[in-house]
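# Sequence first, then the predicted structure, then my questions.
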Amino acid sequence: MVTDSIPKSRLLQAEYQKSDVTRDLQVPSDDRFLKAARSIEEALATEEAALVREACIAFLAEAAEYYGVSVPQVRVLRARPIRARESGGGTELFGDYHFEQKLIRVWMRTAIQKRVTSFGTFFATLCHEFCHHLDRDRFGFTETPHTRGFFERTAALYHHARATPASVSSGRRQGAGGGGSIGLARIWESSMKPLRRPGIGEETARLMAADRLESAEWVFHCRFPCAAVGRRWGGGCRR
């Protein structure tokens, strides 16, 4: 994962530090989140966006009631959009959260091959965006930065709802003024090499490799890499 840069405003710096040190997120002692998450997995297997959205609404309603916040809206869209950069390359958007509308958007199909995403990827994105909602409605943050604490809270929600063990990451910051990096870039790069063949551009190869890695799902048990090898997921928030 890649953390956001520390803001210049003193107010936002204080919020950033508070988010960074808030590592724990209380989770229910029962299996209400697990049941709701399984319903999303079952709905995703049907490949029907309407059913997936219904299951997401049920999960978000359970989570919102438990945390005492408003229920965010959710839209389930199809193939992920790719945003090209003038300098070359681009980013693939997995999900986002609109502050004013309290709206979560998640995409359920991969960008290049248009396949239904793995449940791990989809649900990790949903948890990520819901934690942005928690930052605003529960913690009262003006902004909702990607800090180490934010990723810890997202991981707590995700792993509890899936009944999977949280892995321990060994990350570091890349300087006081810049975003820290905790990632799997080398693994992503090595996984892309077989796809770098004549007739396939580097960006297409990267996204196809992401599709392939995603289907294996293992990467999402390794501390939610929000960005790796120039890709970004789950953090394209609308401000």
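Cool, the structure landed.

# So in this protein, where's the weakest helix or strand by average pLDDT?
Across the helices and strands of the chain, the lowest-confidence element by mean pLDDT, DSSP states H and E is strand 227-228, at a mean of 28.

# any chance you could map the helices in this protein?
Secondary structure of the chain by DSSP state H: the helices cover 10-21, 32-46, 49-67, 119-137, 148-162, 185-192, 202-216.

# Make TSV from those and add mean neighbour count and distance to Q73 to it.
Placement of C-beta: from N, CA and C, glycine included. Below are the helices of the chain laid out as TSV (neighbours: other Cβ atoms under 10 Å; distance: least, Cβ to Cβ, whole Å):
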stretch	mean neighbour count	distance to Q73
helix 10-21	15	23
helix 32-46	18	16
helix 49-67	18	9
helix 119-137	25	10
helix 148-162	22	19
helix 185-192	15	32
helix 202-216	19	25
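
# In JSON lines, list the ones you listed along with mean pLDDT and distance to F94.
Converted to JSON lines, these look like this (pLDDT from 0 to 100; distance: least, Cβ to Cβ, whole Å):
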{"stretch": "helix 10-21", "mean pLDDT": "95", "distance to F94": "21"}
{"stretch": "helix 32-46", "mean pLDDT": "98", "distance to F94": "14"}
{"stretch": "helix 49-67", "mean pLDDT": "98", "distance to F94": "14"}
{"stretch": "helix 119-137", "mean pLDDT": "97", "distance to F94": "5"}
{"stretch": "helix 148-162", "mean pLDDT": "97", "distance to F94": "13"}
{"stretch": "helix 185-192", "mean pLDDT": "31", "distance to F94": "15"}
{"stretch": "helix 202-216", "mean pLDDT": "51", "distance to F94": "10"}
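
# just so I know, which of these lies nearest L93?
Closest of the helices of the chain to L93 is helix 119-137, at 9.7 Å (criterion: Cβ to Cβ).

# What distance do you get for the closest residue to R75 other than its chain neighbours to R23?
Among residues not flanking R75 along the chain, R105 sits closest, at 4.8 Å (Cβ to Cβ, 6 or more residues apart in numbering). Separation of R105 from R23 (Cβ to Cβ, to the nearest Å) stands at 27 Å.

# And the two? Which one has more around it.
Neighbour tally, R105 and R23, criterion other Cβ atoms under 10 Å: the higher count belongs to R105, 20 against 15.

# show me what contacts L134?
Contacts for L134 (Cβ atoms under 8 Å, 6 or more residues apart in numbering) come out as L25, Y67, V69, R153.

# doesn't L25 make contact with the last one?
So that's R153. Yes: R153 is within contact range of L25, at 4.1 Å (criterion: Cβ atoms under 8 Å).

# So for the two, which residues contact both of them?
With Cβ under 8 Å, 6+ apart as the test, R153 and L25 both reach C131, L134.

# Please tabulate the helices of the chain in a markdown table, including the columns distance to Q101.
Listed next are the helices of the chain as a markdown table, based on distance: least, Cβ to Cβ, whole Å:
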| stretch | distance to Q101 |
| --- | --- |
| helix 10-21 | 21 |
| helix 32-46 | 22 |
| helix 49-67 | 14 |
| helix 119-137 | 11 |
| helix 148-162 | 21 |
| helix 185-192 | 33 |
| helix 202-216 | 28 |
